[in-house]
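> after the sequence you'll find the predicted model.
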Amino acid sequence: MTSFGYDILGFGLGGSSIVTLPTDTLINNLSNRSNVTTSSFILPSGTLIIPADFWLWASGTGTAALIVDTPNATIENSGNIVGKGGYYAVGGDAISVTASGVTIINNSGAYIAGGGGAGAQGRNGGPGSGAGGGGQSGTPTLGAAGAQGTGGSGSGNGGGAGGGAGAVSFAGGLNGGQGGYILPGSGGAAGNSYSGGGGSGGSAGGNGTHYGNDAAGPLNGSGGGGGWGARGGGNGLSGSVGSAGGKGIEANSNSFTLTNNGTIYGAQS
C-alpha cells in the first residue's frame, strides 16, 4: 500500500490510493469486516478493493454492509457484500451509495446481496427469517447455514439462504429458522405443511396456507423467509405478503456506474 503522507485510521491512505480492505478477527476462518464506511479507508477518487473469499457483512437491518460516502470512489468487489436478513422486518441493504460519481465493479464469482425479508407471521407460529442470518444476534457464522427455529416441535429449519417458517401450534408461538450465510444458498424447510419454506438465493419465501377458521379467528401458516434480496412469504390470508428484501445497491437518488460480472441479489436503485 502506498502512502502519500495522509493518514486515515492509521492506514496511511492518499487521495488517489488503492486500498485492499483489511480483515477484522477471522470468523469461521474467513476474512471479514462489518459495517464499513468508505471514508474511513479512502479519500475522494480512491479505490477500495474487497478481495476474494472476503465477507463484508451488516450487523443489523438498519444499516448497509457498505456505505459509500466518498465522492468519485471506485469499489472493486471480488468477495461477498451482504445485508442482514429480516426477522419480523425487511431485509437490510448490501451497499448504500451516499456520494456522487461512484463506480462499482462486481467481478466474476463475487456477490452483492441484500438481506432476505421476513415471512409473514401465521397464527401461533413465528415467521421465517430472511437470508443473511435473520433473527441472529451477535456475530454470524459466516459461510454456514442458519440455525433451526426454537419453541418446540414444528419449528422451522434454518437455511443457507432463507429460513423456513415455524409451524402452527395452539400451545404458543414457534419461531422460524434463521437464514444462513451461504451464497447462493438453499432455503430451509418449513415446520409443517401449513407453513412456508425459506427461499433460495434471490427467491421469495414460500407462502403459508390458510386452511379454515375457528372461534378465535383464521387458521393460517406462517410465511418462509426470503432468499438473498427477496421478499418473505405471506401467511396464507388474502393479500398477505412478507417483508421486503434488502437492496443489493441503494442509490439514495445518487447516480452510479455499475459493471457487474458477478451476481447481485436485490434491487439496484
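Perfect, I can see it now. Numbering: from 1, shown residues only.
> and the strands in the stretch 1-150 of the chain, which stretches?
Applying DSSP state E, counting those that start in this stretch to the stretch 1-150 of the chain gives strands spanning 18-20, 32-34, 36-37, 47-50, 55-57, 66-68, 74-77, 80-82, 95-97, 102-106, 111-113.
> now do the contacts for residue 186.
Contacts were defined as Cβ atoms under 8 Å, 6 or more residues apart in numbering; by that measure residue 186 touches 159-161, 200. For every residue, glycine as well, the C-beta is placed using N, CA and C.
> just name the closest of those to residue 142, please.
Nearest to residue 142 among these is residue 160, at 11.9 Å by Cβ to Cβ.
> residues touching that closest one, list them.
Residue 160 is in contact with 145-146, 180-182, 185-188, counting by Cβ under 8 Å, 6+ apart.
> now swap in residue 138 and tell me
By Cβ under 8 Å, 6+ apart, no residues touch residue 138.
> and it, how far is that from residue 223?
Distance of residue 138 to residue 223, given as Cβ to Cβ, to the nearest Å: 25 Å.
> equivalent analysis for residue 210, please.
Per Cβ to Cβ, residue 210 is found 12 Å from residue 223.
> compare the two (neighbour count), which wins?
residue 223 (40 against 19; other Cβ atoms under 10 Å).
> for the stretch 1-150 of the chain, which spans come out with low pLDDT?
For the stretch 1-150 of the chain, the stretches flagged by pLDDT under 70 are 1-16.
> state the number of residues packed around the residue nearest to residue 201 when sequence neighbours are not counted.
Excluding its sequence neighbours, the residue lying closest to residue 201 (Cβ to Cβ, 6 or more residues apart in numbering) is residue 184, at 2.9 Å. By the criterion of other Cβ under 10 Å, residue 184 has 17 neighbours.
> who does the helix or strand that residue 257 is a member of touch, helix- and strand-wise?
Element membership for residue 257, per DSSP states H and E: strand 256-260. Where contact means 3 or more Cβ pairs under 8 Å, 6 or more residues apart in numbering; DSSP states H and E, strand 256-260 is packed against strand 102-106.
> what comes up buried for the strand it packs on?
Across strand 102-106, burial judged by 16 or more other Cβ atoms under 10 Å covers 102, 104-106.
> and it, what does it pack onto?
For strand 102-106, the packing partners by 3+ Cβ pairs under 8 Å, 6+ apart are strand 74-77, strand 256-260.
> partners of the last one in the sheet?
Think strand 256-260. According to DSSP bridges, strand 256-260 forms sheet pairs with strand 102-106 (parallel).
> tally of neighbours for the residue nearest to residue 170 when sequence neighbours are not counted?
Excluding the flanking residues, the one nearest residue 170 by Cβ to Cβ, 6+ apart is residue 124, at 6.0 Å. As a burial measure, residue 124 scores 18 neighbours (other Cβ under 10 Å).
> please apply the same query to residue 135.
For residue 135, the number of neighbouring residues by other Cβ under 10 Å comes to 27.
> tell me the secondary structure at residue 213.
Using DSSP: H, G, I helix; E, B strand; the rest coil, the three-state assignment for residue 213 comes out as strand.
> hang on, isn't it packed against residue 236?
No. Counting by Cβ atoms under 8 Å, residue 213 stays clear of residue 236, with 11.8 Å between them.
> returning to what we had before: can you redo the buried residues of strand 102-106 as TSV with distance to residue 69?
Putting the buried residues of strand 102-106 into TSV (distance: Cβ to Cβ, whole Å) gives the following:
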residue	distance to residue 69
102	9
104	14
105	18
106	19
